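Trainee: Using only what follows, build the 3D model:
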Amino acid sequence: MTEGVIVTRHRLAVAELFYEARLGLTSSAKYRDLYWQLKTAATTLDYSSTQTLNLEKACQSVNIRTSNVGLTLKNTSGDTRGFLADSGQLLLNKTLTAQAQSPIDTANGGLIIRDTSGTVVAFINASTGANGGQMTILGTLTQNDLPSAASKLLVVRYEGVPVAALDASGNLSIWREADDNDADVQED
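Mentor: Residues are numbered from 1 along each chain as shown. So this is what the prediction gives:
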């Protein structure tokens, strides 16, 4: 009978946490918003440090934990134009254009990734202008797939696991998803 009581208490605690977190969410909320609301709810509900760490691990295991660890691209004014988190999520101010025609226009400045022959295979525009935050790749975009690090030009890892990889043909593979046209890109 004791086991049933523990399960019931656990379920009540999860329900209480989610209810508290839900109060701060809007209809346009994204997973990173849920993550922050869960953390806020844990504080409101006076979670211990052990409980908070368990919440962090749970959020990470279901890929809603966001992170300020990763690759951040800022313009000369200091505005974040793009962010590739260690969780494998790509956040951009503007759109991501795949299968672009070569050569990719890099005149406005930003993050330029070249293959070994010098061809630009990916570019994130960091300008303060209207196209700031736009990403262009020569290849395709694969989302929600754990990428391989073999023979890649750029690999972002989290605890040794590749979460994003770009190959010499400009094919970008990310563990989570690309969130483009996001006006409030920030290192969450």
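Trainee: only C-alpha atoms for contact and neighbour calcs from this point on.
Mentor: Noted.
Trainee: Need the pLDDT of A178.
Mentor: With respect to pLDDT, A178 has a value of 80.
Trainee: nearest residue to it other than its sequence neighbours?
Mentor: L90 (4.6 Å; Cα to Cα, 6 or more residues apart in numbering).
Trainee: For V121, see how far away the one you found is.
Mentor: Per Cα to Cα, to the nearest Å, L90 is found 17 Å from V121.
Trainee: which residues does the nearest residue to S151 once chain neighbours are set aside bridge with?
Mentor: Closest residue in space to S151, ignoring its immediate chain neighbours: D167 at 6.8 Å, by Cα to Cα, 6+ apart. Using DSSP bridges, the bridge partners assigned to D167 are K152.
Trainee: What distance do you get for D167 to L38?
Mentor: 36 Å.
Trainee: Check R114 too.
Mentor: From R114 across to L38, the span is 40 Å (Cα to Cα).
Trainee: Please identify which of the two sits among more neighbours.
Mentor: Taking neighbours as other Cα atoms under 10 Å, R114 and L38 compare with L38 leading, 23 against 18.
Trainee: Correct me if wrong: that one contacts A21.
Mentor: Yes: contact criterion Cα atoms under 8 Å: L38 and A21 qualify, at 5.0 Å.
Trainee: dump the residue contacts of S127.
Mentor: By Cα atoms under 8 Å, 6 or more residues apart in numbering, S127 lies in contact with N75, T76, N108, G109, G110, G133.
Trainee: what are the pairing partners of the host helix or strand of L71, and which direction each?
Mentor: Following DSSP states H and E, one finds L71 within strand 70-74. Strand 70-74 sits in its sheet next to strand 80-85 (antiparallel), going by DSSP bridges.
Trainee: quick one: buried residues of the partner strand?
Mentor: Within strand 80-85, the residues that count as buried by 16 or more other Cα atoms under 10 Å are T80, R81, G82, F83, L84, A85.
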